[in-house]
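Q: Pasting a predicted model and its sequence here:
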Amino acid sequence: MDKMTINILCKHYCLDEKIIRFVNEKEILLKDKFKEIDKIKEYNQYKVISKMQAAKLSSTDFNWTTGYGYGDVGRDKVEEIYSLIFNTEDALVRPIIVSGTHAITLTLSGLLRPNDEFISVTGTPYDTLLKVIGVEGAERGTLLEYGIKYKEIPLKDGMIDVDRVIENISANTKLLLIQRSTGYSNRKAITIDEMERAIKKIKKQHKDIIIMVDNCYGEFVESREPTEVGADIMAGSLIKNPGGGIALTGGYIVGKTDLVEQIANRNTAPGLGKDCGLTFGTTRSTLQGLFLAPHVVAEALKGALLVGIVYKELGFEIVPDIGDTRSDIIQAVKFNSPDRVIEFCKGIQEAAAVDSYVTPIPWDMPGYEDRVIMASGGFIEGSSIELSADGPMREPYFAYFQGGLTYQHCKLGVMKSLNNLYNNDLIDKNKLTI
């Protein structure tokens, strides 16, 4: 890093030069890891372009309709491209799907009927889904209230316990849920190789059971996707990885035609399915974000590695570890202190281009049982493919870092977060050696 860059970091961002040099030193150790990420990025970029070409994407596809959305060729083109990229029969990609949790909920409620059972085979799912299921919170309209049964099987040594899953499948079990990402847990993301192993073994004995994957934070991290190794249906958010920081809103569901049709009927109404639903002129931004997604995900992954190595060198436990195979963009740091989590998130917010002056504080965020602190100064509100960090205010006090449209933005966030911990005597300063 040249002197001019160091000067602007010290002068404008009030960074201690010791922090800058420490982060730069740790960055050098990641050179080989960055090359591995770039190889996957290159493959995924060519894949995305080839599928857009295969669908004959045209400038006229960016026009849009009104009313019911009949004949919305742009909407249909988006869904064709998504199905091609994820190697599935069909897709539902809509701006009216408001979040990843909404996409997952649509999938579950579209496929499951009273007395059906589904099993989470990756342990307890993400906090917001617990209220959807009905195991936490008192909201009405949960899956349990509709007579749908639920079980969960914990991971075994960080992997899907396939034998126990098979033992727990009953005549009423219709669907198995795999949550790819770590969520608010201390486990690593489930890799594509691990999914492939588990799905093959389960399908060998239960070929008709539906394998569903919550793919949030996982798109384009590896060179294959869950639907390419046997998953029947998959859901995610457009303001995470596949939106590339450009998509304004929305969610996607990809999978087998009969399953997507059932979900589309739940999304609109039986008989209407995918044929209705206005896209409100979002086709261009949705596809432009998808085009940029492989590059943006690679930048976010490099940022996650930088967070990981910096805080590991300072003595903090990190998940995943530097040498682990990564299958989502999230880097968790175990801080063992609410003050450290708060100061870390403040530093991420201070590095934002938008709302950098806002101070994040823990609050009762809708859908969560614990108070949550969230640093999220994005051009798209709530976009967690942009530089962001969050964590629930509960022991052992993990902070979860994700996103970053450019690596340099990630690096600024790392330096600002570390500067905050340093200035508030929340790290061992003796370890901050050059």
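A: Structure received.
Q: from here on, contacts and neighbour counts on C-alpha atoms
A: Fine.
Q: which element follows the biggest strand by length in the chain toward the C-terminus?
A: Scanning the chain for the strand with the most residues, using DSSP state E, yields strand 173-179. Downstream of strand 173-179, the next assigned helix or strand under DSSP states H and E is helix 192-205.
Q: Report the distance from that next one to the chain centre.
A: Centroid displacement of helix 192-205 relative to its chain, using C-alpha atoms, centre = their mean, to the nearest Å, is 22 Å.
Q: The next helix or strand after that helix pairs with which strands, parallel or anti?
A: Counting by DSSP H and E, the next helix or strand C-terminal to helix 192-205 is strand 210-214. The strands beside strand 210-214 in its sheet (DSSP bridges) come out as strand 173-179 (parallel), strand 233-237 (parallel).
Q: what residue ranges in the stretch 201-350 of the chain are flagged as low confidence?
A: Within the stretch 201-350 of the chain, no stretch has pLDDT under 70.
Q: which stretches of it form helices?
A: 257-267, 283-313, 338-350 (DSSP state H, counting those that start in this stretch).
Q: Of those, give the one that comes closest to Glu381.
A: Set against Glu381 and scored by C-alpha to C-alpha, the helices of the stretch 201-350 of the chain come closest in helix 338-350, at 13.2 Å.
Q: ok so, going back, and the strands paired with strand 210-214, which is most packed in?
A: Stretch with highest mean neighbour count among the strands paired with strand 210-214: strand 233-237 (a mean of 28; mean count of other C-alpha atoms under 10 Å).
Q: ok, residues contacting it?
A: 99-100, 103-104, 107, 210-216, 226-227, 243, 250-256, 259-260 (C-alpha atoms under 8 Å, 6 or more residues apart in numbering).
Q: Let me know the angle separating it from helix 257-267.
A: Using axes from the mean of the first three to the mean of the last three C-alpha atoms, to 10 degrees, the inter-axis angle of strand 233-237 relative to helix 257-267 is 50 degrees.
Q: can I get the CA coordinates of strand 233-237 in PDB?
A: Provided in PDB are the C-alpha atoms of strand 233-237 (Å, rounded to 0.1, in the frame of the first residue of the first chain):
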ATOM      1  CA  ILE A 233     -36.100 -27.600  -5.100                       C
ATOM      2  CA  MET A 234     -34.100 -24.600  -3.900                       C
ATOM      3  CA  ALA A 235     -34.800 -21.100  -2.700                       C
ATOM      4  CA  GLY A 236     -32.900 -17.900  -2.100                       C
ATOM      5  CA  SER A 237     -32.900 -14.100  -2.100                       C
END
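Q: right, so of the strands paired with strand 210-214, which gets closest to Asp328?
A: Nearest to Asp328, of all those, is strand 173-179, at 10.9 Å by C-alpha to C-alpha.
Q: in stretch 319-330, what's buried?
A: Under the neighbour-count criterion of 16 or more other C-alpha atoms under 10 Å, stretch 319-330 has Val319, Pro320, Asp321, Ile322, Arg326, Ser327, Asp328, Ile329, Ile330 buried.
Q: quick one: which helix or strand includes Arg164?
A: Counting by DSSP H and E, Arg164 is part of helix 162-168.
Q: Out of the strands paired with strand 210-214, the one nearest Ile8 is which?
A: strand 233-237 (35.8 Å).
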